[in-house]
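Colleague: Sequence first, then the predicted structure, then my questions.
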Amino acid sequence: MSDKAIITCSITGVLTDPNQHHVPVTPEQLAQEARRAYDAGASVVHVHFRRQEEGKGHLPSWDPAVAKACVDAMRAACPELIINQTTGVVGPDYQGPLDCLRATRPEMAACNAGSLNYLKTRSNGSWAWPPMLFDNQPAKVQDFLDVMAETQTLPEFECFDVGIVRCVGMYVETGMYRGLPEYNFVMGVESGMPADPDLLPILLRLKIKDAPWQTTLIGRSEIWPTHLRTAELGGHLRSGLEDTFYLPDGSKVASNAPLIEQLARYARDVGREVATPREARQMLHLAA
(Lines give C-alpha, C1' and ligand atoms only; values in the text may rest on other atoms or scores of the structure.)
Protein backbone atom coordinates (compact mmCIF):
# COMPACT_ATOMS: atom_id res chain seq x y z
CA MET A 1 0.00 0.00 0.00
CA SER A 2 1.18 3.50 -0.80
CA ASP A 3 1.80 5.34 2.46
CA LYS A 4 0.82 8.68 0.95
CA ALA A 5 -2.38 9.38 -0.95
CA ILE A 6 -2.35 11.68 -3.96
CA ILE A 7 -5.58 13.68 -4.09
CA THR A 8 -6.94 14.94 -7.40
CA CYS A 9 -9.62 17.60 -7.69
CA SER A 10 -11.94 17.19 -10.70
CA ILE A 11 -12.57 20.89 -10.72
CA THR A 12 -15.38 21.55 -13.20
CA GLY A 13 -16.37 18.76 -15.63
CA VAL A 14 -17.54 18.79 -19.20
CA LEU A 15 -21.19 19.91 -19.44
CA THR A 16 -22.47 20.99 -16.01
CA ASP A 17 -24.36 24.26 -16.42
CA PRO A 18 -22.78 27.08 -14.38
CA ASN A 19 -26.22 28.72 -14.21
CA GLN A 20 -27.44 25.76 -12.16
CA HIS A 21 -24.32 24.71 -10.20
CA HIS A 22 -21.27 26.50 -8.82
CA VAL A 23 -18.78 25.13 -11.35
CA PRO A 24 -15.86 27.34 -12.43
CA VAL A 25 -15.65 28.30 -16.09
CA THR A 26 -13.45 31.36 -16.60
CA PRO A 27 -9.69 31.35 -16.01
CA GLU A 28 -10.21 33.51 -12.93
CA GLN A 29 -12.83 31.16 -11.49
CA LEU A 30 -10.67 28.12 -12.19
CA ALA A 31 -7.73 29.79 -10.47
CA GLN A 32 -9.82 30.54 -7.37
CA GLU A 33 -11.19 27.00 -7.17
CA ALA A 34 -7.75 25.50 -7.81
CA ARG A 35 -6.42 27.45 -4.85
CA ARG A 36 -9.28 26.24 -2.64
CA ALA A 37 -8.65 22.65 -3.69
CA TYR A 38 -4.90 22.99 -3.14
CA ASP A 39 -5.41 24.47 0.34
CA ALA A 40 -7.75 21.56 1.15
CA GLY A 41 -5.13 18.95 0.19
CA ALA A 42 -5.23 18.43 -3.57
CA SER A 43 -1.94 17.99 -5.42
CA VAL A 44 -3.55 17.52 -8.84
CA VAL A 45 -6.33 19.34 -10.65
CA HIS A 46 -8.13 17.56 -13.49
CA VAL A 47 -9.52 20.26 -15.78
CA HIS A 48 -11.99 20.54 -18.64
CA PHE A 49 -12.15 23.74 -20.67
CA ARG A 50 -15.39 25.58 -21.38
CA ARG A 51 -16.41 28.12 -23.96
CA GLN A 52 -15.92 31.64 -22.67
CA GLU A 53 -18.65 33.49 -24.61
CA GLU A 54 -21.64 34.81 -22.65
CA GLY A 55 -24.22 32.05 -22.16
CA LYS A 56 -21.93 29.32 -23.55
CA GLY A 57 -20.13 28.28 -20.37
CA HIS A 58 -21.92 24.92 -20.26
CA LEU A 59 -20.25 23.84 -23.51
CA PRO A 60 -16.75 22.36 -23.95
CA SER A 61 -13.97 24.26 -25.69
CA TRP A 62 -11.01 22.84 -27.60
CA ASP A 63 -9.56 26.25 -28.39
CA PRO A 64 -5.84 26.11 -27.48
CA ALA A 65 -5.93 29.79 -26.50
CA VAL A 66 -8.71 29.10 -23.97
CA ALA A 67 -6.85 26.07 -22.66
CA LYS A 68 -3.64 28.04 -22.21
CA ALA A 69 -5.40 30.94 -20.47
CA CYS A 70 -7.06 28.55 -18.02
CA VAL A 71 -3.90 26.57 -17.29
CA ASP A 72 -1.78 29.71 -16.94
CA ALA A 73 -4.26 31.17 -14.44
CA MET A 74 -4.24 28.02 -12.30
CA ARG A 75 -0.46 27.81 -12.41
CA ALA A 76 -0.19 31.45 -11.34
CA ALA A 77 -2.56 30.86 -8.40
CA CYS A 78 -0.85 27.59 -7.36
CA PRO A 79 2.62 27.24 -8.89
CA GLU A 80 3.16 23.81 -7.30
CA LEU A 81 -0.11 22.31 -8.53
CA ILE A 82 -0.02 19.44 -11.06
CA ILE A 83 -2.31 19.99 -14.03
CA ASN A 84 -4.14 16.92 -15.36
CA GLN A 85 -5.89 17.81 -18.60
CA THR A 86 -8.92 16.21 -20.24
CA THR A 87 -8.74 14.76 -23.74
CA GLY A 88 -12.14 13.08 -23.95
CA VAL A 89 -14.02 13.74 -27.18
CA VAL A 90 -16.55 11.75 -29.20
CA GLY A 91 -16.09 11.04 -32.89
CA PRO A 92 -13.31 10.93 -35.49
CA ASP A 93 -12.22 14.58 -35.13
CA TYR A 94 -10.00 14.83 -32.08
CA GLN A 95 -7.47 17.36 -33.34
CA GLY A 96 -8.70 19.88 -30.75
CA PRO A 97 -7.54 17.90 -27.71
CA LEU A 98 -4.20 17.20 -29.40
CA ASP A 99 -3.74 20.91 -30.11
CA CYS A 100 -4.58 21.76 -26.49
CA LEU A 101 -2.00 19.27 -25.22
CA ARG A 102 0.66 20.88 -27.38
CA ALA A 103 -0.40 24.39 -26.27
CA THR A 104 -0.27 23.72 -22.53
CA ARG A 105 2.12 20.74 -22.15
CA PRO A 106 0.46 19.48 -18.94
CA GLU A 107 2.31 17.14 -16.63
CA MET A 108 -0.60 14.68 -16.78
CA ALA A 109 -3.58 14.09 -19.06
CA ALA A 110 -6.47 11.67 -19.31
CA CYS A 111 -6.03 8.91 -21.86
CA ASN A 112 -9.41 7.25 -22.32
CA ALA A 113 -8.39 3.64 -22.70
CA GLY A 114 -11.40 2.04 -24.37
CA SER A 115 -14.84 2.56 -25.84
CA LEU A 116 -18.11 2.59 -23.90
CA ASN A 117 -21.79 2.76 -24.78
CA TYR A 118 -22.54 5.94 -22.83
CA LEU A 119 -26.13 5.47 -21.66
CA LYS A 120 -28.48 6.65 -18.96
CA THR A 121 -32.20 6.10 -18.41
CA ARG A 122 -34.83 8.12 -16.58
CA SER A 123 -37.22 6.67 -14.00
CA ASN A 124 -39.95 6.50 -16.66
CA GLY A 125 -37.80 4.23 -18.84
CA SER A 126 -36.83 6.83 -21.43
CA TRP A 127 -33.27 7.72 -22.38
CA ALA A 128 -31.79 10.63 -20.42
CA TRP A 129 -29.93 11.57 -23.61
CA PRO A 130 -29.69 9.96 -27.06
CA PRO A 131 -27.67 6.72 -26.81
CA MET A 132 -24.10 7.38 -27.83
CA LEU A 133 -20.75 5.64 -28.19
CA PHE A 134 -17.76 7.14 -26.39
CA ASP A 135 -15.32 5.83 -28.97
CA ASN A 136 -11.70 5.20 -28.03
CA GLN A 137 -10.37 2.62 -30.45
CA PRO A 138 -6.66 1.65 -30.26
CA ALA A 139 -5.61 3.91 -33.14
CA LYS A 140 -7.12 6.91 -31.34
CA VAL A 141 -5.47 5.90 -28.08
CA GLN A 142 -2.14 5.62 -29.91
CA ASP A 143 -2.48 9.13 -31.36
CA PHE A 144 -2.98 10.55 -27.87
CA LEU A 145 -0.09 8.54 -26.46
CA ASP A 146 2.19 9.80 -29.25
CA VAL A 147 1.40 13.45 -28.50
CA MET A 148 1.72 12.89 -24.75
CA ALA A 149 5.17 11.43 -25.34
CA GLU A 150 6.01 14.54 -27.38
CA THR A 151 4.82 16.91 -24.60
CA GLN A 152 6.30 14.77 -21.77
CA THR A 153 2.81 14.26 -20.35
CA LEU A 154 1.99 11.27 -18.16
CA PRO A 155 -1.13 9.50 -19.49
CA GLU A 156 -3.72 8.60 -16.90
CA PHE A 157 -5.52 5.59 -18.36
CA GLU A 158 -9.26 6.10 -17.80
CA CYS A 159 -10.98 2.73 -17.40
CA PHE A 160 -14.78 2.81 -17.48
CA ASP A 161 -15.27 -0.95 -17.45
CA VAL A 162 -13.47 -4.13 -16.44
CA GLY A 163 -12.44 -5.04 -19.99
CA ILE A 164 -10.84 -1.64 -20.45
CA VAL A 165 -8.58 -2.35 -17.46
CA ARG A 166 -7.38 -5.45 -19.31
CA CYS A 167 -6.83 -3.42 -22.49
CA VAL A 168 -4.28 -1.24 -20.70
CA GLY A 169 -2.17 -4.33 -20.09
CA MET A 170 -2.31 -5.08 -23.81
CA TYR A 171 -1.15 -1.56 -24.66
CA VAL A 172 1.94 -2.24 -22.57
CA GLU A 173 2.39 -5.78 -23.92
CA THR A 174 2.32 -4.58 -27.55
CA GLY A 175 4.57 -1.58 -26.94
CA MET A 176 1.89 1.05 -27.50
CA TYR A 177 2.92 2.37 -24.08
CA ARG A 178 6.29 1.86 -22.46
CA GLY A 179 6.50 2.13 -18.72
CA LEU A 180 4.26 1.47 -15.74
CA PRO A 181 0.75 2.73 -16.54
CA GLU A 182 -1.24 4.88 -14.14
CA TYR A 183 -4.81 3.59 -13.88
CA ASN A 184 -7.97 5.55 -13.13
CA PHE A 185 -10.93 3.28 -12.37
CA VAL A 186 -13.98 5.34 -13.36
CA MET A 187 -16.99 4.00 -11.49
CA GLY A 188 -20.58 5.20 -11.39
CA VAL A 189 -21.33 5.86 -15.07
CA GLU A 190 -24.63 4.01 -15.44
CA SER A 191 -23.48 1.94 -18.43
CA GLY A 192 -20.01 1.32 -16.98
CA MET A 193 -18.61 -0.06 -13.73
CA PRO A 194 -20.75 0.63 -10.65
CA ALA A 195 -19.30 2.51 -7.70
CA ASP A 196 -19.09 -0.66 -5.63
CA PRO A 197 -16.27 -1.22 -3.11
CA ASP A 198 -16.50 -4.99 -3.65
CA LEU A 199 -15.35 -4.50 -7.25
CA LEU A 200 -12.01 -2.98 -6.24
CA PRO A 201 -10.19 -6.25 -5.38
CA ILE A 202 -11.10 -7.61 -8.83
CA LEU A 203 -9.76 -4.52 -10.56
CA LEU A 204 -6.54 -4.69 -8.55
CA ARG A 205 -6.01 -8.28 -9.68
CA LEU A 206 -6.43 -7.22 -13.32
CA LYS A 207 -4.12 -4.20 -13.35
CA ILE A 208 -0.37 -4.49 -13.88
CA LYS A 209 1.49 -5.27 -10.66
CA ASP A 210 2.83 -2.23 -8.78
CA ALA A 211 1.12 0.23 -11.16
CA PRO A 212 -0.38 3.25 -9.36
CA TRP A 213 -4.16 3.59 -9.38
CA GLN A 214 -6.96 5.83 -8.30
CA THR A 215 -10.75 5.82 -8.41
CA THR A 216 -13.12 8.34 -9.94
CA LEU A 217 -16.55 7.89 -8.38
CA ILE A 218 -19.59 9.48 -9.95
CA GLY A 219 -22.84 9.81 -8.02
CA ARG A 220 -24.23 11.17 -4.79
CA SER A 221 -23.66 10.25 -1.16
CA GLU A 222 -23.58 6.52 -2.04
CA ILE A 223 -20.09 6.84 -3.60
CA TRP A 224 -18.29 7.56 -0.33
CA PRO A 225 -17.88 3.97 0.95
CA THR A 226 -15.90 3.24 -2.22
CA HIS A 227 -13.73 6.30 -1.62
CA LEU A 228 -12.98 4.99 1.86
CA ARG A 229 -12.22 1.50 0.54
CA THR A 230 -9.89 3.04 -2.07
CA ALA A 231 -7.99 4.74 0.74
CA GLU A 232 -7.80 1.49 2.70
CA LEU A 233 -6.47 -0.47 -0.29
CA GLY A 234 -3.73 2.03 -1.11
CA GLY A 235 -5.31 3.80 -4.07
CA HIS A 236 -5.13 7.49 -4.82
CA LEU A 237 -8.22 9.61 -4.42
CA ARG A 238 -10.22 11.94 -6.64
CA SER A 239 -13.34 14.02 -6.23
CA GLY A 240 -14.70 17.40 -7.24
CA LEU A 241 -17.62 19.14 -8.84
CA GLU A 242 -17.22 17.07 -12.02
CA ASP A 243 -18.00 13.88 -10.10
CA THR A 244 -20.43 14.84 -7.32
CA PHE A 245 -22.05 17.70 -5.45
CA TYR A 246 -22.72 15.70 -2.28
CA LEU A 247 -20.87 14.84 0.92
CA PRO A 248 -21.38 11.54 2.79
CA ASP A 249 -24.18 13.04 4.88
CA GLY A 250 -26.06 14.05 1.72
CA SER A 251 -25.40 17.78 2.07
CA LYS A 252 -24.72 19.66 -1.15
CA VAL A 253 -21.48 21.60 -1.62
CA ALA A 254 -20.91 24.88 -3.45
CA SER A 255 -17.15 24.46 -3.86
CA ASN A 256 -14.58 21.73 -4.48
CA ALA A 257 -12.87 22.32 -1.13
CA PRO A 258 -15.26 20.32 1.13
CA LEU A 259 -15.00 17.31 -1.18
CA ILE A 260 -11.20 17.40 -1.08
CA GLU A 261 -11.23 17.86 2.70
CA GLN A 262 -13.36 14.73 3.00
CA LEU A 263 -10.91 12.70 0.91
CA ALA A 264 -8.01 13.93 3.04
CA ARG A 265 -9.95 12.92 6.15
CA TYR A 266 -10.47 9.41 4.78
CA ALA A 267 -6.78 9.05 3.96
CA ARG A 268 -5.77 10.04 7.48
CA ASP A 269 -8.47 7.89 9.06
CA VAL A 270 -6.82 4.78 7.55
CA GLY A 271 -3.32 5.85 8.62
CA ARG A 272 -2.08 7.50 5.43
CA GLU A 273 -0.70 10.97 4.85
CA VAL A 274 -1.73 13.26 2.02
CA ALA A 275 0.99 13.74 -0.61
CA THR A 276 2.23 17.22 -1.38
CA PRO A 277 2.62 18.17 -5.05
CA ARG A 278 6.37 17.64 -4.75
CA GLU A 279 5.83 14.16 -3.29
CA ALA A 280 3.19 13.37 -5.93
CA ARG A 281 5.64 14.25 -8.70
CA GLN A 282 8.21 11.89 -7.22
CA MET A 283 5.65 9.10 -6.78
CA LEU A 284 4.40 9.40 -10.36
CA HIS A 285 7.86 10.03 -11.88
CA LEU A 286 6.65 13.15 -13.66
CA ALA A 287 8.96 14.79 -16.13
CA ALA A 288 8.84 18.15 -14.32
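Modeller: Great, that's in hand.

Colleague: Residue 133 and residue 90, how far apart?
Modeller: 7 Å (Cβ to Cβ, to the nearest Å). Yep, even glycine has a C-beta here, placed from its N, CA and C like the rest.

Colleague: swap in residue 71?
Modeller: Between residue 71 and residue 90 the computed distance is 23 Å (Cβ to Cβ).

Colleague: Residue 72 is in contact with residue 28, correct?
Modeller: No. If you go by Cβ atoms under 8 Å, residue 28 and residue 72 don't touch, sitting 11.4 Å apart.

Colleague: ok, now which ones touch residue 245?
Modeller: Contacts were defined as Cβ atoms under 8 Å, 6 or more residues apart in numbering; by that measure residue 245 touches 21, 220, 252, 253.

Colleague: From the residues you listed, pick the one nearest residue 77.
Modeller: Distance to residue 77 across those (Cβ to Cβ) is lowest for residue 253, with 20.0 Å.

Colleague: wait, isn't that closest one in contact with residue 247?
Modeller: Yes. Contact criterion Cβ under 8 Å: residue 253 and residue 247 qualify, at 6.3 Å.

Colleague: Give me the common contacts of the two.
Modeller: Common neighbours of residue 253 and residue 247 (Cβ under 8 Å, 6+ apart) are residue 259.

Colleague: Can you say which helix or strand has the most centrally placed residue in the chain in it?
Modeller: For the chain, residue 46 is the residue whose C-alpha lies nearest the centre (Cα atoms, centre = their mean; 5.2 Å). Assigned by DSSP states H and E, residue 46 belongs to strand 44-47.

Colleague: Show me how far that strand is from its chain's centre.
Modeller: In terms of Cα atoms, centre = their mean, to the nearest Å, the centre of strand 44-47 is set 7 Å apart from its chain centre.

Colleague: Show me which residues of it are buried.
Modeller: Neighbour counts using 16 or more other Cβ atoms under 10 Å place 44, 45, 46, 47 of strand 44-47 among the buried residues.

Colleague: Which one of those is nearest to residue 123?
Modeller: Ranked by distance to residue 123 (Cβ to Cβ), those are led by residue 46 at 30.2 Å.

Colleague: shouldn't that closest one be in contact with residue 242?
Modeller: Yes. Using Cβ under 8 Å, residue 46 makes contact with residue 242 at a distance of 7.2 Å.

Colleague: Who are the contact partners of the residue nearest to residue 127 when sequence neighbours are not counted?
Modeller: Among residues not flanking residue 127 along the chain, residue 121 sits closest, at 6.2 Å (Cβ to Cβ, 6 or more residues apart in numbering). Residue 121 sits next to 127, 128, 190 when contact means Cβ under 8 Å, 6+ apart.

Colleague: Please look at the last one and residue 116 and confirm they touch.
Modeller: To tie it back to what came earlier, the one meant is residue 190. No. Using Cβ under 8 Å, residue 190 makes no contact with residue 116, being 10.6 Å away.

Colleague: So which of those two has more stuff around it?
Modeller: residue 116 (22 against 12; other Cβ atoms under 10 Å).

Colleague: confidence score at that one?
Modeller: At residue 116, the pLDDT value in this model is 97.

Colleague: Also residue 81?
Modeller: Here, the pLDDT recorded for residue 81 equals 97.

Colleague: ok, now the one 4 residues further on?
Modeller: According to the model's per-residue confidence, residue 85 sits at a pLDDT of 97.

Colleague: Also residue 72?
Modeller: For residue 72, the pLDDT comes out at 98.

Colleague: gap between the helix or strand where residue 28 lies and the chain center?
Modeller: Using DSSP H and E, residue 28 sits within helix 27-40. Put simply, helix 27-40 sits 16 Å off its chain's centre (Cα atoms, centre = their mean).

Colleague: List the buried residues of that helix.
Modeller: By neighbour count with 16+ other Cβ under 10 Å, helix 27-40 contains the buried residues 27, 29, 30, 31, 32, 33, 34, 36, 37, 38, 40.

Colleague: for this structure, what are the low-confidence residue spans?
Modeller: Residues of the chain meeting the criterion pLDDT under 70: 1-2, 288.
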